[in-house]
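K.L.:
Pasted the sequence and its predicted model underneath.
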Amino acid sequence: MYFDVHTHLTHCRFAEDRQATIERARAAELRAIVVNGLEPKSNREILEMAAREAIIWPALGIYPVDAVNHELPEDFPLSVSRFDVDTEIAYIDEMAASGRLRAIGECGLDGHWLPEATFASQERVFEALVDVAMRHRLPVIIHTRKRESRAAEILRSLGAKYVDFHCYGGKVKQALRWAREDGWWFSIPANARKSEAFTKMLLELPEERVLTETDAPYLGPERGVRNEPANVVGTVAYFAQLKGWAVEEAREQMWNNFLELMRAGRES
């Protein structure tokens, strides 16, 4: 039983073959595709997709760049829509309360695209969404880029336990410490074979804190080729190879890790 804990099937690069992509994932024995939202449009498309397809597990969020959309200059290099962030936080809260969500995400902090002047606004939105996740006993899927330590400080201050750092790009030694001390998860994308850092994480993270993701359409196994959820199968095979395990053992370990994250304290 395979899964993709972080993907973007709402992306325009899936417009022509989204259903075929989902069918390929089913054929590859995926049981869950957690599609992550970025802003109002993708959040609503995800809910519509999940209503049609049981394999789609909806996660609604606000990407850090979108979280500060009103502070961005007209010549900002990314295309960002304008919307009221507080209204969208309230909508995500409402959907979480209704039981329609499996996770909150993606959300977090970004110091790559965004200047320091936006950091306070980013943190306000991040804290609000983590609060939604915790109040509704949902896991939270984190984006951090060049602000990993600050994200961890906020998560610790809020007492967040059911946390997945997606496509973690910070210092590996910090990831190892947070996995061991805080019990947070780290999802590894499908380009792991070509990444020294992701290979190191697969080898050294506690085995119960490793997850698979794609971040599709990005970060495919081959550069320049569109990624898709079915490619998590290759990451599990690589994990098994690194650990000296049978693929079935690696797959079961990963699936159990995923179920524990998604349980998000609901047994308490």
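P.N.:
Right, received. Where do you want to start? Numbers count the residues shown, from 1 in each chain.
K.L.:
Which residue ranges of the stretch 101-250 of the chain form strands?
P.N.:
Per DSSP state E, counting those that start in this stretch, the stretch 101-250 of the chain carries strands over the ranges 103-110, 140-145, 163-166, 185-188, 210-212.
K.L.:
For Thr118, which of those is the nearest?
P.N.:
The minimum distance between Thr118 and the strands of the stretch 101-250 of the chain falls on strand 103-110, with 8.6 Å, by C-beta to C-beta. In short, each C-beta sits where N, CA and C put it, glycine included.
K.L.:
mind listing what that closest one pairs with, with the direction of each?
P.N.:
Neighbouring strands of strand 103-110 in its sheet, by DSSP bridges, are strand 56-60 (parallel), strand 140-145 (parallel).
K.L.:
In a markdown table: these, plus distance to Arg193, mean neighbour count and mean pLDDT.
P.N.:
Shown next, in a markdown table, are the strands paired with strand 103-110 (distance: least, C-beta to C-beta, whole Å; neighbours: other C-beta atoms under 10 Å; pLDDT from 0 to 100):
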| stretch | distance to Arg193 | mean neighbour count | mean pLDDT |
| --- | --- | --- | --- |
| strand 56-60 | 26 | 26 | 98 |
| strand 140-145 | 22 | 27 | 97 |
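K.L.:
will you turn those into CSV that also has distance to Leu202?
P.N.:
Below are the strands paired with strand 103-110 laid out as CSV (distance: least, C-beta to C-beta, whole Å):
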stretch, distance to Leu202
strand 56-60, 23
strand 140-145, 19
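K.L.:
Indicate which one of those strands is closest to Trp184.
P.N.:
Of all the strands paired with strand 103-110, it is strand 140-145 that lies closest to Trp184, at 8.5 Å by C-beta to C-beta.
K.L.:
So which of the strands paired with strand 103-110 is nearest Val210?
P.N.:
strand 140-145 (14.9 Å).
K.L.:
chain center to that closest one, what's the gap?
P.N.:
Centroid displacement of strand 140-145 relative to its chain, using C-alpha atoms, centre = their mean, to the nearest Å, is 6 Å.
K.L.:
Extract the CA atoms of it and return them as CSV.
P.N.:
Output in CSV follows, covering the C-alpha atoms of strand 140-145 (Å, rounded to 0.1, in the frame of the first residue of the first chain):
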residue,chain,number,x,y,z
VAL,A,140,-0.1,19.8,9.2
ILE,A,141,2.0,19.6,6.1
ILE,A,142,4.8,22.2,6.2
HIS,A,143,6.7,24.2,3.6
THR,A,144,9.9,25.7,4.8
ARG,A,145,12.6,27.3,2.7
